[in-house]
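Asker: Below is the sequence, then the predicted model.
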Amino acid sequence: MILLYVLILYVIYRKIKKKNDREKTIHDSILAGGKVPTWLLTGSIFSGWLWVTSIIGSAEACLIYGISGAIGYAVGASISFLIMIPVILSVQKHIGKGSVIRFMELRYHKNLRNFYYTFALLVAAYVMIEQAAGIGFVFNGIFGVSYKKVSFMVVALTVVFVLLAGMKGTLYNDFISGLIILITFAMIMGIIWHQVGIHTILEGIQEAKEEADYVYHEPAVLHVASAIGIRYFIVSIIIALGQILFDSGYYLKSAIAKDEKVMKRAFLLGGIAIWCPVCFISAITLAFSCVALKIDLSGSQNMNMDLATDLIEKILGSPAAIIFALLILCAGITTIAHYLVGLRWIFTVDFYTQKLKPEAIEKEKIQFGNIIVILIGVFCGLIAISLEDVSLLTIDMFSGVFFAAPCGALLIGLVSKKAFGRLGQVSILLGLFFGFATWFYTRTEYNQEAWILGTMASFAIPFIFLIMAGFFIRKNSALME
């Protein structure tokens, strides 16, 4: 399976190399020439945004919260993606086609740049590690192969491809992989609905709703707006915002679009119109099939991973398992590549000249960016192989609270003209403190509630603090005038 994907990557690399010989400039190797058309950018946006957890994590949400969980995951994240588009355009309006890191430095204070470098690095590392771990869990669960070897190999393979093929190769791979994802996804969903049967699924849902001793008893399983479902919907928006607003990959892909219309069209199509239905269909199909077949995951350490592998082992068989593994592999590798090219961009065009060597030539910048990609890849691969016996749910909860905190400074900084200065840093620290304090001190046996409250606190406190501070600040920011 992995060898087949390696062959696809090799063919793309040879085509790119033959066409461009050896890309030596930032304009070509990092920015792909700067005039990417809608069809190619749409495929890249979709593939980079569709994580392994988009397919199986959405199913876990549906299993826990019912259909409102599926709606919360898919629609909530789509709303966040929609919010991100004007945010990127507004950032570009003020600083040109640069990263959010540069904007935050100019908007607040130079020291805030280091905060946002940290958030950009950590959000990329978190997502890449989760993709590698997800692929490792799926391949181990279906084929019995070594989790550690698969997890590390996936990251290493993606690093090598990104460095050899550059941004152009990554874009073409995203487009081809996106087509493979859609085809294999349609096949898997069709097989599941055929094998399990619509009648069986509907009966299982009805039993879960009515029978108190049913393994997945939930009276609100079909309520599209249950109380816990609404809270999850809100927190899904917050979590997704924290994950994508500081994702340098989207700022890069916006910068290389042929024009603003192409950017808007590609982001709306790939990030919402195609992505949202895939997540929702995956959620209800995998979760409700699990409910109907009474697959008990109550003792599972990583429910979303076990949900998919147990379901496939129980009803699909080897051919379908291979198709599903290819789907997960494509989703994981394209997401890892998305974050690697984003980090390569900011460390090549921003960090090296701003922090280390302002007079550096392009060759030195590219070499530095490549070294950073290799180091980050090795780090993520090593962390991923250490997570074999660790619950990803706790990591997800921590990241939700952590990445919510810096959202307020960015969004307030875009809509307000006040010169907040160092208060941007203070708002983030307050958000982190109150977010984690809320999470830890409200925890009960039902940890989901505490996590939701902690994430909301981490997101809301910086907003409240900066809005209140704005009443006492008379001076406006020069950048916003």
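Answerer: Looks like it arrived, so ask away. Residues are numbered from 1 along each chain as shown.

Asker: quick one: residue 428 and residue 402, what's the gap?
Answerer: 10 Å (C-beta to C-beta, to the nearest Å). (C-beta placed from N, C-alpha, C; glycine too.)

Asker: If you count surrounding residues, which of those two has more?
Answerer: Neighbours were counted for residue 428 and for residue 402 using other C-beta atoms under 10 Å; residue 428 has more, 24 against 21.

Asker: Can you pull the domain assignment for this structure?
Answerer: By the assignment in automatic domain parsing, the chain contains the domains 28-391, 405-481.

Asker: Which of these sits closest to residue 397?
Answerer: Judged by C-beta to C-beta, the one of these that comes nearest to residue 397 is domain 405-481, at 4.4 Å.

Asker: distance between that closest one and the chain's centre?
Answerer: Averaging C-alpha positions (C-alpha atoms, centre = their mean, to the nearest Å) puts domain 405-481 22 Å from its chain's average.

Asker: What is the subsequent helix or strand relative to the helix or strand residue 104 falls within?
Answerer: Element membership of residue 104 [criterion: DSSP states H and E] is helix 100-107. Next along the chain after helix 100-107, taking DSSP H and E as the criterion, comes helix 112-143.

Asker: I'd like the mean pLDDT over that following helix, please.
Answerer: Mean pLDDT, helix 112-143: 89.

Asker: Next, the buried residues of it.
Answerer: 112-113, 115-117, 119-121, 123-142 (16 or more other C-beta atoms under 10 Å).

Asker: Packing partners of the next helix or strand after that helix?
Answerer: The first helix or strand that comes after helix 112-143 along the chain, using DSSP H and E, is helix 147-196. Contact here means 3 or more C-beta pairs under 8 Å, 6 or more residues apart in numbering; DSSP states H and E; on that basis helix 147-196 packs against helix 2-20, helix 26-29, helix 38-49, helix 112-143, helix 275-292, helix 303-315, helix 318-346, helix 362-385.

Asker: which stretch among those comes nearest residue 265?
Answerer: That would be helix 38-49 among the helices and strands packed on helix 147-196, by C-beta to C-beta, at 5.2 Å.

Asker: Report the buried residues of that closest one.
Answerer: For helix 38-49, burial by neighbour count (16+ other C-beta under 10 Å) applies to 38, 40-49.

Asker: what pLDDT, on average, does it get?
Answerer: The average pLDDT for helix 38-49 rounds to 96.

Asker: Need the contact partners of that helix.
Answerer: If you take C-beta atoms under 8 Å, 6 or more residues apart in numbering as the criterion, helix 38-49 is touched by 36, 81, 170-172, 174-179, 181, 249-250, 253, 256-258, 262-263, 265-267, 269-271, 274-275, 330-331, 334-335, 337-339.

Asker: Same check on stretch 431-449?
Answerer: Contacts of stretch 431-449 (C-beta under 8 Å, 6+ apart): 64, 228, 397, 401-402, 404-406, 408, 450-451, 453-459, 461-462.

Asker: hmm, back to that, packed most tightly, which of the domains of the chain would that be?
Answerer: Highest mean neighbour count among the domains of the chain (mean count of other C-beta atoms under 10 Å): domain 28-391, with a mean of 20.

Asker: centre of the chain versus it, how much separation?
Answerer: Domain 28-391 sits 4 Å away from the centroid of its parent chain (C-alpha atoms, centre = their mean).

Asker: I figured residue 282 hits residue 56, correct?
Answerer: Yes - the pair residue 282 and residue 56 qualifies as a contact (C-beta atoms under 8 Å) at a distance of 7.5 Å.

Asker: can you tell me how far residue 91 sits from residue 331?
Answerer: From residue 91 across to residue 331, the span is 28 Å (C-beta to C-beta).

Asker: can you check residue 107 too?
Answerer: In this view, residue 107 and residue 331 are 35 Å apart by C-beta to C-beta.

Asker: What of residue 76?
Answerer: Here residue 76 is placed at a distance of 19 Å from residue 331 (C-beta to C-beta).

Asker: likewise residue 139?
Answerer: In terms of C-beta to C-beta, residue 139 sits 13 Å off from residue 331.

Asker: hang on, the earlier thing: comparing the helices and strands packed on helix 147-196 by mean pLDDT, which bottoms out?
Answerer: Here the lowest mean pLDDT among those goes to helix 2-20, at a mean of 59.

Asker: What ranges does the stretch 351-481 of the chain have for its helices?
Answerer: Under the criterion DSSP state H, counting those that start in this stretch, the stretch 351-481 of the chain contains helices at 362-385, 392-404, 407-415, 423-441, 447-470.

Asker: Between helix 392-404 and the fourth one, find me the angle.
Answerer: What that stands for is helix 423-441. With axes from the mean of the first three to the mean of the last three C-alpha atoms, to 10 degrees as the basis, helix 423-441 and helix 392-404 are set at 150 degrees to each other.

Asker: For helix 423-441, list the C-alpha coordinates in CSV.
Answerer: In CSV, the C-alpha atoms belonging to helix 423-441 read as follows (Å, rounded to 0.1, in the frame of the first residue of the first chain):
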residue,chain,number,x,y,z
LEU,A,423,-1.4,43.7,26.1
GLY,A,424,-1.7,41.1,23.3
GLN,A,425,0.8,38.9,25.1
VAL,A,426,-1.1,39.4,28.4
SER,A,427,-4.4,38.4,26.9
ILE,A,428,-2.9,35.1,25.6
LEU,A,429,-1.4,34.3,29.0
LEU,A,430,-4.7,35.1,30.7
GLY,A,431,-6.6,32.9,28.3
LEU,A,432,-4.2,30.0,28.9
PHE,A,433,-4.4,30.4,32.7
PHE,A,434,-8.2,30.6,33.0
GLY,A,435,-8.7,27.9,30.3
PHE,A,436,-6.6,25.3,32.0
ALA,A,437,-7.7,26.3,35.4
THR,A,438,-11.3,25.8,34.3
TRP,A,439,-10.6,22.5,32.8
PHE,A,440,-8.7,21.1,35.8
TYR,A,441,-11.0,22.4,38.5
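
Asker: pretty sure residue 416 is touching residue 471, no?
Answerer: No - using C-beta under 8 Å, residue 416 is not in contact with residue 471; the gap is 11.1 Å.

Asker: In three-state terms, label residue 223 for me.
Answerer: Classification of residue 223 using DSSP: H, G, I helix; E, B strand; the rest coil returns coil.

Asker: contacting residues for it?
Answerer: By C-beta under 8 Å, 6+ apart, the contact list for residue 223 reads 66-68, 229.
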